[in-house]
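**Student:** kindly generate the corresponding structure for this input.
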Amino acid sequence: MSVDNRRVRSSAPSVRADGRADPADDAAGEQESAAAARPVRRRPKNRRAQIAAAAANAFGALGYHSVSMEDIAGGLGISSAALYRHYPSKYALFQEESLRVGQAMADAVRLDPEATAAEPEQRLRGVLEGLCAVTVANRASVALVRWEGRYLEPADREIRDAQQNAVLAALGTQLAAYRPDVRGQDRQVLVVALLSVITSIADHHATLPTKALVGLLVTTAMDLAEVSLPEPAAVAPARPVEIPESFKHELLLRKGVELFHARGYPNVSVEDIATAAGLSAASAVYRFYRGKSDLLAAAFRRAAERVSSAIGPAVAGASGPREALDSLIHQYVEGSFAERELTFVYYTEFQHVPAEERAALRNVQRLSVEEWARLVRQVRPELSGPQTRFLVHAAFALVVDLGRAFGTVATASQERVSLLMRTVLYGHSIS
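**Tutor:** Residues are numbered from 1 along each chain as shown. You can find the predicted model right below:
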């Protein structure tokens, strides 16, 4: 058997005249060993799914307009070029994830053929369990469905709307079988309330184990399904609030919030706000606010203070936690109805508040939720702190979602919304 002498020579260390090995060969050997030990980096097989999840978290936390492809790539530790290999644009990412989770929710409310023969209560519970499980599993992406869908292009928005209508229709069908006494718009109110409570988990960062959270959401939704709504009372037309001409800062605040509500914060300019307020030039706005973000922060401070400032007097003037909560619920609903646009903007545009303001506002909100949750725990001692925090957030979300769906019509009157809030917070102990 022949041997390749060249390979033998290349693998043997060279020897100097003094008989010692050549250091150059030692260095080369060390390099070869290091190269052999260095792990080979392979592109993950699920890279596309990782990108979609990271984008959903970013969009949900910061909003579609505040996130760049560079932000998403940086969060994953990859280059922008690598990201663009999977998605051609930020919108493509946003569109795919929005419609994916919308379809997942629509699929979750379809009953298996064998379940159609079950009792109405079991069918309703089964649909709720499926929807809750999907919502919890896609919590970050559900925020896209709740708040960012208006930034979808018209054709995609139609698809998203069809998905949501499928969810509402399925809930309505099962609720009709379970509660045949509830008809028409009353049923629609309850259906919107069911979906609101379930998807409200996308509005905050409180945590619970998955099984416990799904159980809490299903139980709360079933409590809502049992509600008998009072007869709708006539709603007096709201009288427009007159703002004196000298109160330009207040007028700018009001017009800014109205525009943010109608178009979305990124689509409103300082010039738009100045024009709506009847000012001749955008420069006049800067006499009162440093810019539109400063105006937004002022609106958020007002919304946060409205909730937090009510807590002390309500607790001090009540004979117990139930009475204090009833007072807070009444004031919350009344304030939200009086400033519907501000309530909506508070949920949709928080990410656009200047960073230095966000921390303070979050702290105010956290303390308010904690105080409400403390009162709920006193009424329902069987619940844990995290459970009551979820219920408080769900009760708050109910107000804005019913306002979005029904506006000021009597079907979703203050009395009815307050009853649904109490149901979320008190459960079966509402009587």
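
**Student:** residues contacting residue 127?
**Tutor:** 108-109, 111, 170-171, 174 (C-beta atoms under 8 Å, 6 or more residues apart in numbering). All C-beta atoms are positioned from the backbone trio N, CA, C, and that covers glycine.

**Student:** ok, now with 6 Å
**Tutor:** 109, 174 (C-beta atoms under 6 Å, 6 or more residues apart in numbering).

**Student:** give me the nearest residue to residue 232, chain neighbours excluded.
**Tutor:** With C-beta to C-beta, 6 or more residues apart in numbering as the criterion, residue 232 has its nearest non-adjacent residue at 3.7 Å, and that residue is residue 410.

**Student:** again but with residue 51, I slipped
**Tutor:** Nearest residue to residue 51 in three dimensions, chain neighbours excluded: residue 86, at 5.6 Å (C-beta to C-beta, 6+ apart).

**Student:** count of residues packed around that neighbour?
**Tutor:** Residues near residue 86, counting by other C-beta atoms under 10 Å, number 14.

**Student:** same question, the one 4 residues further on
**Tutor:** By other C-beta under 10 Å, 20 other residues sit near residue 90.

**Student:** thought it was touching residue 70?
**Tutor:** No: Residue 90 is beyond contact range of residue 70, at 9.9 Å (criterion: C-beta atoms under 6 Å).

**Student:** what helix or strand is the residue nearest to residue 367 when sequence neighbours are not counted located in?
**Tutor:** In space, residue 367 comes closest to residue 308 once its chain neighbours are excluded; the distance is 6.8 Å by C-beta to C-beta, 6+ apart. Assigned by DSSP states H and E, residue 308 belongs to helix 292-316.

**Student:** may I see the buried residues of the helix or strand hosting residue 255?
**Tutor:** Assigned by DSSP H and E, residue 255 belongs to helix 248-263. Residues of helix 248-263 classed as buried: 248-249, 251-261 (neighbour count, 16 or more other C-beta atoms under 10 Å).

**Student:** any figure for the gap between residue 114 and residue 423?
**Tutor:** Counting by C-beta to C-beta, to the nearest Å, the gap from residue 114 to residue 423 is 32 Å.

**Student:** looking at the two, which has the bigger crowd around it?
**Tutor:** Neighbour count, other C-beta under 10 Å: between residue 114 and residue 423, residue 423 has more, with 22 against 7.

**Student:** so the residue nearest to residue 232 touches residue 230, yeah?
**Tutor:** No: using C-beta under 6 Å, residue 410 makes no contact with residue 230, being 10.7 Å away.

**Student:** which one's more surrounded, these two?
**Tutor:** For residue 410 versus residue 230, the count of surrounding residues by other C-beta under 10 Å is larger for residue 410: 15 against 11.

**Student:** read off the pLDDT value for the more buried one.
**Tutor:** The model reports residue 410 with a pLDDT of 83.

**Student:** let me have the buried residues of helix 248-263 in JSON lines, extended by distance to residue 163 and pLDDT.
**Tutor:** Output for these, formatted as JSON lines (distance: C-beta to C-beta, whole Å; pLDDT from 0 to 100):
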{"residue": "248", "distance to residue 163": "44", "pLDDT": "85"}
{"residue": "249", "distance to residue 163": "42", "pLDDT": "86"}
{"residue": "251", "distance to residue 163": "40", "pLDDT": "90"}
{"residue": "252", "distance to residue 163": "38", "pLDDT": "92"}
{"residue": "253", "distance to residue 163": "36", "pLDDT": "93"}
{"residue": "254", "distance to residue 163": "35", "pLDDT": "92"}
{"residue": "255", "distance to residue 163": "34", "pLDDT": "93"}
{"residue": "256", "distance to residue 163": "32", "pLDDT": "94"}
{"residue": "257", "distance to residue 163": "29", "pLDDT": "95"}
{"residue": "258", "distance to residue 163": "29", "pLDDT": "94"}
{"residue": "259", "distance to residue 163": "28", "pLDDT": "95"}
{"residue": "260", "distance to residue 163": "26", "pLDDT": "94"}
{"residue": "261", "distance to residue 163": "24", "pLDDT": "92"}
